[in-house]
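Engineer: Give me a 3D structure for the following:
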Amino acid sequence: MTTGSYIGISTMKPCGKILRSYKSSSLFGFSPTKFNGSVMDILSKSYPKSVHRHRYHTSNIQVVRSTHIINLNRRDFRISDSNWGQCRIFSNSCVNIGSCRGISLIPNAVSDFRNHSTSVDSHVNDTSFEKIYIQSGLNVKPLVFERIENGQSRLEEVPRGRTNESNVNIHNLKGLNESKVEREVSEIEKEAWKLLRDAVVTYCGNPVGTVAANDPTDKQPLNYDQIFIRDFVPSAIAFLLNGEGEIVKNFLLHTLQLQSWEKTVDCYSPGQGLMPASFKVRTVSLDGSNEAFEEVLDPDFGESAIGRVAPVDSGLWWIILLRAYGKLTGDYALQERVDVQMGMRLILKQCLTDGFDMFPTLLVTDGSCMIDRRMGIHGHPLEIQALFYSALRCSREMLTVSDATKNLVAAINNRLSALSFHMREYYWVDIKKINEIYRYKTEEYSNDAVNKFNIYPEQIPSWLVDWIPEEGGYLIGNLQPAHMDFRFFTLGNLWTIISSLGTTKQNRGILNLIEEKWDDLVAQMPLKICYPALESDEWRIITGSDPKNTPWSYHNGGSWPTLLWPFTLACIKMGRPDLAQKAVDVAEKRLIVDGWPEYYDTRNGKFIGKQSRLMQTWTIAGLLTSKMLLENPEKASLLFWEEDFEILQSCVCMLKKSGRSKCSRFASRSQFAV
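Structural biologist: Take a look at the predicted model:
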């Protein structure tokens, strides 16, 4: 029985290796069955997630293997049925298949989003998913397959010269490469580019990412020798801005291969759609043979991490990077591929599934994002909400709309509307809002309650009263019943600006606060990951006496140079490149001298972190990306979002008329027009 028919075309460089896929269960819920028949019989069937020019086998080991074989000129073309468990191999088939280009089938816009749930449980596995057919057997010319809904096939030959050997669309990349401005490169940039390229990891002969840190003197690399999804993002942006899209494309496709693998913690498996926190390319001998070896992609979904926490932000960063790749290269064929579309849908299904939570924010455990240790951010941390909002906006741009996805698009619009209102209304604090909280009445029971989350005024910390400036404000770190985390978390606030999660007035207020509190948040090394640090009993209770997160160190008030690039992007968006340049100048003086540390310690960022790795890749990439963004503000504009009035008009808050009931969407429209 065929349910979802789809095909993914690999665009990585061919190599004389065998890629083994080990999985006991099927990729998207299909039960494995055997099939027999001729090549044309198989071609008439529906297809699995990916077709690679490597040989595939099955086993019970949960790693992806790529095996060197003696005949390096031999290429293998694999086609299997709709089930992942079994496959048939066609050897000596020299096939060069280009990127899959899809047809956007746009139905009438869904206008009444209130009639749809924000959950997509019942929609992701719709049986009307796009079908693809291959005609004329195994064609040696590059082909482009177009998705169709009506059962009729369309086939288009790619003109010669439009693809290179890695199948990167040269026509689409042409504009990016031509716009590069030749200029004098400083010594620090030459050193940074050298270190960044030295950190590149290859798999099957192709670049697939960069290691977290590449310090040759480090005798205990732990997991810093792995490729982290969140860590690779600044490296990817640097490569894209430099006109190098291949490594980013390979990274996106290989992490997509790892998405639905089942890793367990104490016999429990997370749901489909989870992206790994990191992966590593391992090389092992093949069955004791000295003539062959295996390259193994070994993903970590949190089952090996400290605290065993699954990374919630990996899938969100993956979607954000997918959009950035298309924007900066013009190669939109990648995001239109059926396997990539399905990958997005699986991530969205995880995030949009209805549960017990009553809020539109995403409920997560402690340590599920950049702050990956216990720091009291469980619940609805700002960083996750800002990335979630951004990923939803990315998905709305990239999803191919059809009968199978229109309910998903409606759910995205509903969630965007509710989430933007919730964050702007309840997470924002300035001097006026703090004074309002100071006068809150508690134990209010009604739909017209002003203090909706039963916040006790005594929660306002003493440091905040003197710290908050007269002009400016920020989004708090977390909000739950009877709890407001008033700490300033930098990445969440910066991504609030980048994604337009905040109103224009709020976005300006965040930059005003950073400028006003420069000595606290930047000082001798930008930027503080959070402010202030947890100290004394608060540190012992909240962190569990974590010796790495001591006050003003690591996640607990440490300074992270990688935050330069989102800060630069936010400043460019708000017309304040001077502020970003000031921060870059501060960092540039020290990073190369200090050996590109991961983070800095002390209240003013004066010391290199006590456990900081050197040659930290996202520190290097953060500086490079910031400098390129400042030199190419037109490219920076492709990476952020302006206010979306459609989201504002789709208000679903339905508040009662009271002193606090005015929807912030209407206020934000007037602020945006100023």
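Engineer: Could you point out which residue ranges in the chain have low pLDDT?
Structural biologist: For the chain, the stretches with pLDDT under 70 are 1-183, 260-265, 650-674.
Engineer: Can I get the top helix by length along it in CSV? Just the C-alpha atoms.
Structural biologist: In the chain, taking DSSP state H as the definition, the longest helix is helix 406-426. Below are the C-alpha coordinates for helix 406-426, written out as CSV (Å, rounded to 0.1, in the frame of the first residue of the first chain):
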residue,chain,number,x,y,z
LYS,A,406,-3.1,24.1,3.7
ASN,A,407,-4.1,23.1,7.2
LEU,A,408,-0.5,23.3,8.3
VAL,A,409,-0.2,26.8,6.9
ALA,A,410,-3.4,27.8,8.7
ALA,A,411,-1.9,26.4,12.0
ILE,A,412,1.3,28.4,11.4
ASN,A,413,-0.6,31.6,10.9
ASN,A,414,-2.7,31.0,14.0
ARG,A,415,0.4,30.3,16.1
LEU,A,416,2.3,33.3,14.7
SER,A,417,-0.6,35.5,15.6
ALA,A,418,-1.1,34.2,19.1
LEU,A,419,2.6,34.0,19.8
SER,A,420,3.4,37.5,18.7
PHE,A,421,0.6,39.0,20.9
HIS,A,422,1.6,36.9,23.9
MET,A,423,5.3,37.8,23.8
ARG,A,424,4.7,41.5,23.1
GLU,A,425,2.1,41.9,25.8
TYR,A,426,3.4,39.7,28.6
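Engineer: tally of neighbours for L322?
Structural biologist: 23 (other Cβ atoms under 10 Å). (Glycine included, C-beta is placed from N, CA and C.)
Engineer: which stretch of helix or strand covers it?
Structural biologist: Secondary structure assigned from DSSP states H and E places L322 in helix 313-329.
Engineer: That helix: what's the following helix or strand?
Structural biologist: Assignment by DSSP H and E places the next element after helix 313-329 at helix 333-336.
Engineer: thinking again about what came up before, same for the helix holding L322, what does it pack against?
Structural biologist: Helices and strands touching helix 313-329, by 3 or more Cβ pairs under 8 Å, 6 or more residues apart in numbering; DSSP states H and E, are helix 170-178, helix 229-241, helix 246-258, helix 333-336, helix 338-352, helix 382-398.
Engineer: Could you export these as a markdown table, including distance to M358?
Structural biologist: Output for these, formatted as a markdown table (distance: least, Cβ to Cβ, whole Å):
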| stretch | distance to M358 |
| --- | --- |
| helix 170-178 | 44 |
| helix 229-241 | 29 |
| helix 246-258 | 33 |
| helix 333-336 | 33 |
| helix 338-352 | 15 |
| helix 382-398 | 15 |
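Engineer: I'd like those as TSV, with mean neighbour count appended.
Structural biologist: Formatted as TSV, the helices and strands packed on helix 313-329 follow (neighbours: other Cβ atoms under 10 Å):
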stretch	mean neighbour count
helix 170-178	14
helix 229-241	26
helix 246-258	24
helix 333-336	22
helix 338-352	23
helix 382-398	24
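Engineer: picking that back up, and the next helix or strand past the longest helix of the chain?
Structural biologist: Helix 406-426 is succeeded, C-terminally, by strand 428-430 (DSSP H and E).
Engineer: Now do the buried residues in that following strand.
Structural biologist: Across strand 428-430, burial judged by 16 or more other Cβ atoms under 10 Å covers 428-430.
Engineer: How about stretch 428-448?
Structural biologist: Buried residues in stretch 428-448 (16+ other Cβ under 10 Å): 428-430, 434, 437, 440.
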